[in-house]
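Chemist: show me the folded form of this:
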Amino acid sequence: TLAGLKKLRQAAIEPTVHRNGGRIVKVSGDGFLIEFPSAVSAVTSALEMQRETASSNLNIFDGERLLLRMGVNLGDVVDEGTDVLGDGVNVASRLEAMASPGGICVSSKVYEEISGKIDATFFDAGPRRLKNLARPVQVWHWPDALESTLQLPEKPSIAVLPFMSPSGAADDETFVDGL
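Modeler: Below is the predicted model of the structure:
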């Protein structure tokens, strides 16, 4: 995994970041904190990295594939030289955790900045409550490359999802399970 991550960093992440005017602020294990001069350059870079990663994964077995999650936010930060701190970073970190493997989550601030400027479709995931934030953040999601290449069947399909009891009472669980 570490060898694969190192190879990916050298082949895709660093060149993409530099090409789009970014700066790798710090690396923590398998995580990167990267800043960009604009939301457009940040999302362009994220899309390029995800597409490059998906392309490099085509000839690799499932258990050995590297799938990145990315969160992009636009907000004030404090530059400490070797680190960047503040709500802008905290929100991006929370968005990263919400992204699907191989996917990107962006805040509504970022979505407004990139709308009509980037050739990618982001889907509205609705407002989400994020840890240590008083107000919910509107989240937009870009699906991973594997999801976007799936072919829909010719016949209609149906998904059955479990019901959850809104009351939370244990007595209602049997009824909900029956539905």
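Chemist: output the lowest mean pLDDT helix or strand found in the protein.
Modeler: Every helix and strand of the chain was ranked by mean pLDDT, DSSP states H and E. The lowest is helix 145-148, at a mean of 44.
Chemist: so residue 132, which of the three states?
Modeler: Under DSSP: H, G, I helix; E, B strand; the rest coil, the three-state class of residue 132 is coil.
Chemist: check what pLDDT the spatially closest residue to it that is not a sequence neighbour gets.
Modeler: Spatial nearest neighbour of residue 132, excluding adjacent residues (Cβ to Cβ, 6 or more residues apart in numbering): residue 90 at 6.7 Å. In this view, the C-beta of every residue, glycine as well, is placed from N, C-alpha and C. Residue 90 is assigned a predicted lDDT (pLDDT) of 92.
Chemist: what about residue 90, how many neighbours?
Modeler: 17 (other Cβ atoms under 10 Å).
Chemist: residue 48 too?
Modeler: Neighbours of residue 48 under the rule other Cβ under 10 Å: 17.
Chemist: other SSEs contacting the helix or strand hosting the residue nearest to residue 132?
Modeler: Using DSSP states H and E, residue 90 sits within helix 87-98. With contacts taken as 3 or more Cβ pairs under 8 Å, 6 or more residues apart in numbering; DSSP states H and E, helix 87-98 sits against strand 70-72, strand 104-107, strand 137-142.
Chemist: okay if I get the ones you listed as a markdown table plus mean neighbour count, mean pLDDT and distance to residue 120?
Modeler: Shown next, in a markdown table, are the helices and strands packed on helix 87-98 (neighbours: other Cβ atoms under 10 Å; pLDDT from 0 to 100; distance: least, Cβ to Cβ, whole Å):
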| stretch | mean neighbour count | mean pLDDT | distance to residue 120 |
| --- | --- | --- | --- |
| strand 70-72 | 24 | 96 | 12 |
| strand 104-107 | 27 | 96 | 9 |
| strand 137-142 | 21 | 94 | 6 |
